[in-house]
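Asks: Structure of the sequence below:
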Amino acid sequence: MKINILPIVSSLHDGTKINEETKSLLSQIEELSEYRFNIVNQHHLYDAKLSLILVQSGGSEGRFLEIEKDLKSPYYLLTYGSNNSLAASMEILSYLKNKNEKAEILHGTASYIISRFDAIINEEQQPLIRLGVVGKPSDWLIASSVDYEQCKAVFNIELVDIKMQELIDTYNEISLGKYKSDLVLDFDKKEVDDAKKLSKALELLKEKYQLEGLTLRCFDLLDTVRTTGCLGLALLNAEDSIGTCEGDIPSMISMYILKQVTGFPGFQANPSRIDIEKNEMVFAHCTLPLNMTESYDVMIHYESGIGVAFRGHLKEQDITIFKISNNLKDYYVSEGKIIENLEECNLCRTQIKIQLEDTNYFLSNPYGNHHIIVFGKHKDKLKKYMKAIV
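Replies: So this is what the prediction gives:
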């Protein structure tokens with residue numbers, strides 16, 4: 001496979017010597033792989049599936065700035081261990097990250113660099129993912145807006161805005177006699193029927209817009225169709241999809257990342273109580289995926305007193321908790337263990353107490369209130385994934 005390379009170098013360095021070292025690095029890679037390199041200028045850099053900027057020396061930063069107008073994201077900086085190539089690449093990388101650009105340094109052994117080529121090309125071949133934003137983030141989520149274009153550039157995720165009125169119109173057109181559900185809930189029939197209609201409306205929007213998942217400004221439903229989205233979101237997450245509430249876009253993206261890395265459904269939950277000395281926290285919410293539970297009770301939604309919500313009982317086991325910031329580059333990940341299920345009357349319905357490695361983050365620099373919890377220990381895999389992406 002052809003890879004285009006744009007070399008940049010400081011005029012202070014011996015071009016002949018650097019070219020010899022460049023040739024040695026590229027020859028090693030070609031001997032160990034099917035990749036073949038084509039040296040080009042900036043005007044032809046993007047005529048291949050993979051395009052690299054070869055930083056050949058310290059002082060290359062100025063040359064990068066001269067040609068930056070002809071370059072585009074993602075930026076892959078190939079370096080080697082002499083002539084201050086790595087140092088210059090780090091300066092360029094910091095500059096690009098400050099502009100929220102997708103960029104990465106490729107440095108190390110020939111075999112490692114080949115493995116990164118493989119991964120990058122595989123990522124580039126992944127199809128564009130569409131996630132829906134039904135309504136917009138709830139008014140209280142004042143730290144949860146994201147840059148749509150950045151989301152597409154970094155994660156290959158297209159965010160699709162859907163007006164709340166379209167969901168309401170879809171809901172009102174549904175007849176339960178036509179759309180049947182196999183889910184049987186021993187609860188108030190009208191509340192269950194209304195929640196099922198809302199669930200079906202979300203499914204229809206998901207199909208119409210070809211979505212892998214969505215986030216819902218759910219509290220607007222309380223005064224319009226007099227139900228909640230808890231059932232619909234719980235079922236979406238249990239059916240190999242993505243669903244978050246309150247229009248929380250970073251939580252939706254976090255849940256998508258977790259699903260990609262772990263294959264498991266995620267529980268979007270509010271931190272409710274922290275014991276800093278014991279590193280214990282209580283998390284609670286009403287949209288638990290039903291396939292995460294050992295058993296569950298059907299209840300009224302906590303804040304509104306209408307609709308259908310679930311109090312799930314989760315097995316006491318290892319968990320990972322994750323959240324990406326709304327800047328789409330910083331993130332929090334920690335491993336812990338569920339140590340108790342609670343049934344308090346003044347919290348959202350599913351309530352779990354978790355032992356974490358450290359809880360200071362939540363009081364010093366949290367990325368919003370909602371965080372996503374999955375079963376199992378996945379911190380190393382998530383850190384590796386995020387390092388490769390951002």
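Asks: do you know how far the closest residue in space to residue 32 that isn't next to it in sequence is from residue 50?
Replies: Computed as C-beta to C-beta, 6 or more residues apart in numbering, the closest residue to residue 32 that is not its neighbour in sequence is residue 110, at 5.5 Å. Yep, even glycine has a C-beta here, placed from its N, CA and C like the rest. For residue 110, the distance to residue 50 (C-beta to C-beta, to the nearest Å) stands at 16 Å.
Asks: before we move on, what about residue 369?
Replies: With C-beta to C-beta as the criterion, residue 369 and residue 50 are 40 Å apart.
Asks: repeat for residue 218
Replies: Residue 218 is 42 Å from residue 50, by C-beta to C-beta.
Asks: which of those two has more neighbours?
Replies: Using other C-beta atoms under 10 Å as the criterion, residue 218 and residue 50 rank with residue 218 on top: 27 against 16.
Asks: Give me the spatial nearest neighbour of the more buried one, chain neighbours excluded.
Replies: That would be residue 229: by C-beta to C-beta, 6+ apart, it lies 3.9 Å from residue 218.
Asks: Residue 244 is in contact with the one you found, correct?
Replies: No. Assessed by C-beta atoms under 8 Å, residue 229 is found out of contact with residue 244, at 9.8 Å.
Asks: Please enumerate the shared neighbours of those two.
Replies: 216, 287 (C-beta atoms under 8 Å, 6 or more residues apart in numbering).
Asks: Tell me the gap between the lowest-mean-pLDDT helix or strand in the chain and the middle of its chain.
Replies: Across the helices and strands of the chain, mean pLDDT, DSSP states H and E gives its lowest value to helix 15-32, namely a mean of 79. Relative to its parent chain, helix 15-32 has a centroid offset of 37 Å by C-alpha atoms, centre = their mean, to the nearest Å.
Asks: Who are the packing partners of it?
Replies: strand 36-39, helix 110-124 (3 or more C-beta pairs under 8 Å, 6 or more residues apart in numbering; DSSP states H and E).
Asks: mean confidence score for the shortest one?
Replies: The average of the pLDDT scores along strand 36-39 is 92.
Asks: Contacts for that strand next, please.
Replies: Residues from elsewhere that reach strand 36-39, judged by C-beta under 8 Å, 6+ apart: 1, 2, 3, 4, 5, 6, 7, 26, 29, 30, 48.
Asks: Now, of these, which are buried?
Replies: 3, 4, 5, 6, 7, 26, 29, 48 (16 or more other C-beta atoms under 10 Å).
Asks: quick one: which of those residues sit in helices?
Replies: Among those, DSSP state H puts 26, 29 in helices.
Asks: between the buried ones among the contacts of strand 36-39, which is closest to residue 87?
Replies: Nearest to residue 87 among the buried ones among the contacts of strand 36-39: residue 7, at 16.8 Å, using C-beta to C-beta.
Asks: wait, isn't residue 56 in contact with residue 22?
Replies: Yes. The pair residue 56 / residue 22 is scored as a contact, 6.1 Å apart, by C-beta under 8 Å.
Asks: So between these two, which is more surrounded?
Replies: residue 56 (27 against 22).
Asks: can you pull the contacts of that one?
Replies: 7, 8, 9, 13, 18, 19, 21, 22, 83, 85 are the contacts of residue 56 under C-beta under 8 Å, 6+ apart.
Asks: Please verify my assumption that the last one contacts residue 59.
Replies: No. With the criterion set as C-beta under 8 Å, residue 85 and residue 59 do not qualify as a contacting pair; they are 10.4 Å apart.
Asks: quick one, which of these two is more surrounded?
Replies: The residue with more neighbours, out of residue 85 and residue 59, is residue 85; 26 against 19, by other C-beta under 10 Å.
Asks: Tell me the helices and strands packed up against the longest strand seen in the chain.
Replies: Longest strand in the chain by number of residues (criterion: DSSP state E): strand 331-342. Using 3+ C-beta pairs under 8 Å, 6+ apart, the elements in contact with strand 331-342 are strand 280-285, strand 318-324, strand 350-356, helix 379-389.
Asks: Dump the C-alpha coordinates for the second one into PDB.
Replies: Presented in PDB, the C-alpha positions along strand 318-324 are these (Å, rounded to 0.1, in the frame of the first residue of the first chain):
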ATOM      1  CA  ASP A 318     -15.800  -5.000  39.000                       C
ATOM      2  CA  ILE A 319     -16.800  -1.900  36.900                       C
ATOM      3  CA  THR A 320     -15.200   0.800  34.800                       C
ATOM      4  CA  ILE A 321     -16.500   4.400  34.900                       C
ATOM      5  CA  PHE A 322     -15.800   6.700  32.000                       C
ATOM      6  CA  LYS A 323     -16.600  10.200  30.700                       C
ATOM      7  CA  ILE A 324     -15.200  12.400  27.900                       C
END
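Asks: helices or strands up against it?
Replies: helix 249-262, strand 331-342, strand 350-356, strand 371-375, helix 379-389.
Asks: 6 Å instead?
Replies: helix 249-262, strand 331-342, strand 371-375 (3 or more C-beta pairs under 6 Å, 6 or more residues apart in numbering; DSSP states H and E).
Asks: Export these as a markdown table, with columns for mean pLDDT.
Replies: Output for those, formatted as a markdown table (pLDDT from 0 to 100):
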| stretch | mean pLDDT |
| --- | --- |
| helix 249-262 | 94 |
| strand 331-342 | 96 |
| strand 371-375 | 97 |
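Asks: could I get the ones you listed as a markdown table with distance to residue 310?
Replies: Formatted as a markdown table, the helices and strands packed on strand 318-324 follow (distance: least, C-beta to C-beta, whole Å):
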| stretch | distance to residue 310 |
| --- | --- |
| helix 249-262 | 17 |
| strand 331-342 | 13 |
| strand 371-375 | 15 |
